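# what follows is a predicted protein model with its sequence.
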Amino acid sequence: MSRLHIEDLSMSYRGRTLFSGLSLTLDPGQRVVVSGSNGTGKSTFLRIVAGLTRSDAGKVSFASVGAASPPREHLGYAGPDVNPYEELTAVENLEFIARLRGLPIDADALLDRMGLTARARRTPVKSYSSGMRQRVRLASSLVATPPLLLWDEPTAMLDEQGRRIVDEILAAHLEAGGMALIATNDSNEIGRWGGRRVHFGDR
């Protein structure tokens with residue numbers, strides 16, 4: 001299994017330092033909760049690890065792969081900047097992602113796991129509530145059954161059932177030897193998920 005290495009990561013935005021010299025190692029079965037108020041760099045940090053944003057300095061790599069950034073098959077990213085195609089159903093969205101990545105998929109089973117009803121899955125995403133869209137985002141991050149989950153505010157807009165599903169999926173992922181970086185500013189989630197924590201403070 002892979003081990004995630006983050007070494008001396010630094011990032012500034014418009015002359016303001018978001019973080020500097022950030023280093024951590026994530027082994028199979030481990031999670032790190034990234035906390036901090038809005039605008040302190042949590043989302044930027046996850047996007048850098050996902051390879052969607054370039055840092056000012058530092059390196060992100062997998063020990064078993066030795067790549068400069070994690071290959072796409074090694075991570076599943078879900079954040080507010082990821083939006084499903086509104087004209088497609090949830091099933092069609094997941095099947096499209098799977099085809100692009102050359103992966104087999106049982107979209108119905110994956111959406112069942114996220115608690116989306118069969119009726120909802122037959123309608124275009126444009127008719128979905130914000131909570132239903134969030135469930136599709138999270139399902140999209142699981143298409144490749146990746147070793148590393150990068151979840152940015154995963155329970156945003158979810159009801160109690162949705163939050164419970166997130167907890168169950170995260171627990172099963174870690175039990176199977178997966179890794180997770182989760183960004184949140186919810187103190188209840190920080191306490192509930194526990195584990196290691198990286199806090200970004202106001203600067």
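Received, thanks. Every value quoted in this text rests on a predicted model; they were computed, and no experiment measured them.

# could you pull out the strands for the chain?
Ranges of strands in the chain, per DSSP state E, are 4-13, 16-26, 31-35, 57-62, 75-78, 148-152, 179-183, 196-199.

# packing partners of the second one?
Yep, that's strand 16-26 we're talking about. If you count contacts as 3 or more Cβ pairs under 8 Å, 6 or more residues apart in numbering; DSSP states H and E, strand 16-26 packs onto strand 4-13, helix 42-50, strand 57-62, strand 196-199. C-beta coordinates here come from the backbone N, C-alpha and C atoms, glycine included.

# check the third one too.
If contacts are counted by 3+ Cβ pairs under 8 Å, 6+ apart, strand 31-35 sits against helix 42-50, strand 179-183, helix 187-193, strand 196-199.

# please name the nearest non-neighbouring residue to Asp159.
Take Asp159 and drop its neighbours on the chain: the residue closest to it by Cβ to Cβ, 6 or more residues apart in numbering is Gly131, 6.0 Å away.

# okay, now that neighbour: neighbour count?
The local packing of Gly131 (other Cβ atoms under 10 Å) involves 15 other residues.

# and the one 5 residues further on, by the same measure?
For Val136, the tally of surrounding residues (other Cβ under 10 Å) stands at 26.

# pull out the buried residues from stretch 147-156.
Within stretch 147-156, the residues that count as buried by 16 or more other Cβ atoms under 10 Å are 147-155.

# show me where pLDDT drops low in the protein?
Scanning the chain for pLDDT under 70 picks out the ranges 1, 64-73, 202-203.

# and with 80 instead?
Regions of the chain meeting the criterion pLDDT under 80 cover residues 1-2, 63-74, 119-120, 194-195, 201-203.

# re earlier: closest to Ser12 among the buried residues of stretch 147-156?
Asp152 (19.9 Å; Cβ to Cβ).

# which residues touch the closest one?
Applying Cβ atoms under 8 Å, 6 or more residues apart in numbering to Asp152 gives the contacts 42-43, 46, 77-80, 183.
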